[in-house]
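Novice: Here's my sequence, what's the structure:
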Amino acid sequence: MSVSVSVLTLGAISVERYFAICHPLRRRLTPPTVSLIIAAIWATSVGVAVPELIYQTLEQAIPFISDYLTYCRMTLPYTDQKYYQIFLMIGLYAVPMSLMFFAYSTISVRLWKDSFSENANSRVNSGK
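Specialist: Here you go, the predicted model:
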């Protein structure tokens, strides 16, 4: 659950930074909206973690020899487990990574263009 909270929070931060830098005149997020976003992130993370909680059991690697050789095993059927893993890969890796890539690359281009135009304007105004 902590992984999904972290990933979704980083995605939300990147979107907030995108709007703050690329669209500075738009209305800012209010505290109730931020609280709602945080609650949605945590609710989504709990929902994503529920199958792990329900379908994992503790098993002994070598029964009757040692209690220390135990591991967690998913009891979810193979096809359902495959779809769950694909969902996790898309929802917690591909979508947030794409969102962050878009946000930060757009921010970088915007800041680079602004600094370039600032340098050009200072040269024109100084007479060089």
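Novice: Please count neighbours and contacts with C-alpha atoms only from this point.
Specialist: OK.
Novice: just the strands in this protein please.
Specialist: 56-60, 70-74 (DSSP state E).
Novice: Tell me how many other residues surround the residue nearest to residue 72 when sequence neighbours are not counted.
Specialist: Leaving aside its sequence neighbours, residue 72 sits nearest to residue 58 (CA to CA, 6 or more residues apart in numbering; 4.6 Å). Using other CA atoms under 10 Å, residue 58 is surrounded by 10 other residues.
Novice: So residue 58 versus residue 18, what's the distance?
Specialist: 44 Å (CA to CA, to the nearest Å).
Novice: again with residue 87
Specialist: For residue 87, the distance to residue 18 - CA to CA - is 26 Å.
Novice: Who has more neighbours out of the two?
Specialist: residue 18 (21 against 14).
Novice: mind listing what the more buried one touches?
Specialist: 103-104, 106-107 (CA atoms under 8 Å, 6 or more residues apart in numbering).
Novice: For residue 69, give me phi and psi.
Specialist: phi -90, psi 70 (degrees, to the nearest 10).
Novice: thinking again about what came up before, so which of the strands of the chain is nearest residue 49?
Specialist: strand 56-60 (11.1 Å; CA to CA).
Novice: neighbouring contacts of that closest one?
Specialist: 67-76.
Novice: Tell me the strands beside it, with direction?
Specialist: strand 70-74 (antiparallel) (DSSP bridges).
Novice: Could I get the CA-only coordinates of the strand it pairs with as CSV?
Specialist: C-alpha atoms of strand 70-74 as CSV (Å, rounded to 0.1, in the frame of the first residue of the first chain):
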residue,chain,number,x,y,z
THR,A,70,8.1,-19.5,5.6
TYR,A,71,6.9,-17.3,2.7
CYS,A,72,3.8,-15.6,1.5
ARG,A,73,2.0,-17.3,-1.4
MET,A,74,-0.8,-15.9,-3.5
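Novice: And the average pLDDT for that strand is what?
Specialist: Taken as a whole, strand 70-74 carries a mean pLDDT of 86.
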